[in-house]
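[1] kindly return the folded structure for what I paste below:
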Amino acid sequence: MSLIADKFNQLARREEGALIAYVMGGDPTPEDTYSIVDAVAKGGADIVELGIPFSDPIADGTSIQAAGVRALSAGTRPGDVLEIAKKAKEKHGLPIIIMSYFNILFSQGVDNFMRQSRESGVDGMIVPDLPFDEVGPYSVTARKNALDTILLAAPTTSPNRMKLLASHSSGFLYLVSLMGVTGARESLQEGAVSL
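    You can find the predicted model right below:
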């Protein structure tokens, strides 16, 4: 059983939900990110999700886009975020998830990047722009590298597609509760809470 699945099982036995804290790796600098991860771990996060800054973050709202710009301006590279993951895992032992766009994996070689991620203590990956046709091969490569495949399901996902996503997901299935990009909202869409 993966560390992520084990964490969810522990929380379920206590009838608790998981607090997954998102931190943009390298924002405002890679060095500062260590103290931010320390703070969220000490503050009670069950899982830490580290974002890898990317120049074209199509699924991110303005807050995360701005964090990515600051991180890129500080010279943050994917390897820097993996080093943050490694130190966070060594210090806190929490499950670590990487959120990255597919281009970063593709440009470095998916298997190679996953292997490096696993060696850095990463437990799972979220790739919001993973092409649907790549889900099968991607999940096979992730399993080979002992990484959970955390796929996203939108409010518009059909039942058949949901079954396919669930069959290739591990750790958990990320249910997107809103249409559009991430970010603060004054209210939730009708039906988001009752999913």
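
[2] at the geometric centre of the chain, which residue do we find?
    Met99 (3.5 Å; CA atoms, centre = their mean).

[3] which parts of the protein are strands?
    In the chain, the strands defined using DSSP state E lie at 20-24, 47-51, 96-99, 124-126, 148-150, 152-153, 174-175.

[4] what lines up beside the third one in the sheet?
    When pairing is defined by DSSP bridges, strand 96-99 lines up against strand 47-51 (parallel), strand 124-126 (parallel).

[5] can you put the ones you listed in a markdown table and add mean neighbour count and mean pLDDT?
    For every residue, glycine as well, the C-beta is placed using N, CA and C. Output for these, formatted as a markdown table (neighbours: other CB atoms under 10 Å; pLDDT from 0 to 100):
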| stretch | mean neighbour count | mean pLDDT |
| --- | --- | --- |
| strand 47-51 | 24 | 98 |
| strand 124-126 | 24 | 98 |
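
[6] so who does Asp80 touch?
    Gly25, Gly26, Pro30 (CB atoms under 8 Å, 6 or more residues apart in numbering).

[7] if you set the cut-off to 10 Å instead, what comes out?
    Asp80 sits next to Gly25, Gly26, Thr29, Pro30, Glu31, Thr33, Ile52, Pro53, Ala71, Ala74 when contact means CB atoms under 10 Å, 6 or more residues apart in numbering.

[8] was I right about the second one contacting Leu82?
    Spelled out, that is Gly26. No - here Gly26 lies out of contact with Leu82, judged by CB atoms under 10 Å, at a distance of 11.3 Å.

[9] pull up the overlap in contacts between these two.
    Common contacts of Gly26 and Leu82 (CB under 10 Å, 6+ apart): Leu50, Ile52.

[10] quick revisit: just the buried ones from the contacts of Asp80?
    Buried members of these, scored by 16 or more other CB atoms under 10 Å, are Gly25, Gly26, Pro30, Thr33, Ile52, Pro53, Ala71, Ala74.

[11] can you tell me how far the nearest residue to Ala74 once chain neighbours are set aside is from Ala71?
    Counting by CB to CB, 6 or more residues apart in numbering, Ala74 lies nearest to Thr29, which is 4.4 Å off, once chain neighbours are set aside. Noted for Thr29: a distance of 8 Å to Ala71, by CB to CB, to the nearest Å.

[12] and if you look at Ile20?
    Distance, Ile20 to Ala71, by CB to CB: 19 Å.

[13] tell me the spacing between the closest residue to Pro128 other than its chain neighbours and Ile4.
    Distance criterion CB to CB, 6+ apart; nearest residue to Pro128, sequence neighbours excluded, is Ala59 at 4.1 Å. As judged by CB to CB, Ala59 and Ile4 stand 21 Å apart.
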